[in-house]
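A.B. asks: Give me a 3D structure for the following:
(chains A and B)
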Amino acid sequence: DAKTTQPTSMDCAEGRAANLPCNHSTISGNEYVYWYRQIHSQGPQYIIHGLKNNETNEMASLIITEDRKSSTLILPHATLRDTAVYYCIALSGNTGKLIFGQGTTLQVKP
Amino acid sequence: SAVISQKPSRDICQRGTSLTIQCQVDSQVTMMFWYRQQPGQSLTLIATANQGSEATYESGFVIDKFPISRPNLTFSTLTVSNMSPEDSSIYLCSASGGMRETQYFGPGTRLLVL
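C.D. replies: Just a heads-up that it's a prediction; the model follows:
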């Protein structure tokens, strides 16, 4: 399972875009990039995932570099309710297991 | 997406006792997982529970301490046995339709061992 590296913490102003980076330089061809967030010790919430193409849904956009060694999660208009720990995870298509790192604590400020 | 519930939502237990946590999914799923989240820490995978087979445990976790049942495609239990204060954590279950499918998580069970 590929290891991911994220900044420990980030701040974002309310209403601005939050761009959360993730490095996964050892990711293999069958590993998906998944993003989850956890708000105040609730169960992790699925946000978005991708393999090699950029993806967008109602919550966020995911930009994956062409070499797949890094990605960026974009929350287009951050609100105070987006304050959470964000986890970037490489999901192995061989095992289906999610191995969580420490994630990025995003603080959205008024 | 699957909706997952857990019982109990929280409990306070005495050391040396055992607690069984239930995880119910609103649809049939292939894979279920159990995680532990110690205070201030990230999630750690305990085991994978697939219906019809023994649970597969991650390094550092053993069946005697964390026995798991998976009697059907919508339900699983995790027992925390012979508890000590170090077992105080949030225990979470998740479920997915397969190895390449999205996992969805339950709300967690908050356990405090005195």
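
A.B. asks: and after the helix or strand bottoming out on mean pLDDT in chain A, which helix or strand comes next?
C.D. replies: One helix or strand of chain A scores below all others by mean pLDDT, DSSP states H and E: strand A:84-92, with a mean of 93. Moving toward the C-terminus from strand A:84-92, the next helix or strand (DSSP states H and E) is strand A:104-109.

A.B. asks: Run through who's touching that following strand.
C.D. replies: Strand A:104-109 has contacts (C-beta atoms under 8 Å, 6 or more residues apart in numbering or on different chains) with A:6-14, A:18, A:20, A:78-86, A:88. Glycine gets a C-beta too; all of them are placed from N, C-alpha and C.

A.B. asks: swap the cut-off to 10 Å and go again
C.D. replies: The contact list for strand A:104-109 (C-beta atoms under 10 Å, 6 or more residues apart in numbering or on different chains) reads A:6-16, A:18, A:20-22, A:37-38, A:73, A:75, A:78-88.

A.B. asks: Put the alpha carbons of that strand into PDB.
C.D. replies: Extracted in PDB, the C-alpha atoms of strand A:104-109 (Å, rounded to 0.1, in the frame of the first residue of the first chain):
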ATOM      1  CA  THR A 104      -4.400  17.600   7.400                       C
ATOM      2  CA  THR A 105      -6.300  19.600   9.900                       C
ATOM      3  CA  LEU A 106      -8.100  22.300   8.000                       C
ATOM      4  CA  GLN A 107      -9.200  25.300  10.000                       C
ATOM      5  CA  VAL A 108     -11.700  27.600   8.100                       C
ATOM      6  CA  LYS A 109     -11.700  31.000   9.700                       C
END
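
A.B. asks: Contact partners for the residue nearest the centre of chain B?
C.D. replies: Among the residues of chain B, B:Trp34 comes closest to the average C-alpha position under C-alpha atoms, centre = their mean, at 3.3 Å. Residues in contact with B:Trp34 (C-beta under 10 Å, 6+ apart) are B:21, B:23, B:44-49, B:55, B:57-58, B:61, B:66, B:68, B:76-78, B:91-94, B:106.

A.B. asks: on that earlier part again, and the contacts of strand A:104-109, which are buried?
C.D. replies: A:6, A:10, A:12, A:18, A:20, A:22, A:37-38, A:73, A:75, A:78, A:82-88 (16 or more other C-beta atoms under 10 Å in any protein chain shown).

A.B. asks: Counting neighbours, what do you get for the closest residue in space to A:Ser70 that isn't next to it in sequence?
C.D. replies: Once flanking residues are discounted, A:Ser70 sits nearest to A:Asn23: 4.9 Å by C-beta to C-beta, 6 or more residues apart in numbering or on different chains. For A:Asn23, the count of nearby residues is 17 (other C-beta atoms under 10 Å in any protein chain shown).

A.B. asks: Which strand residues bridge A:Asn23?
C.D. replies: A:Thr5, A:Ser70 (DSSP bridges).

A.B. asks: what sits against B:Asp26?
C.D. replies: With C-beta under 10 Å, 6+ apart, B:Asp26 has these contacts: B:Ser1, B:Ala2, B:Val3, B:Ile4, B:Ser5, B:Thr74, B:Ala95, B:Tyr104.

A.B. asks: Close to chain A as well: tell me which of the residues you listed qualify.
C.D. replies: B:Ser1, B:Ile4, B:Tyr104 (C-beta under 10 Å from any C-beta of the partner chain).

A.B. asks: Alright, that wraps it up for me.
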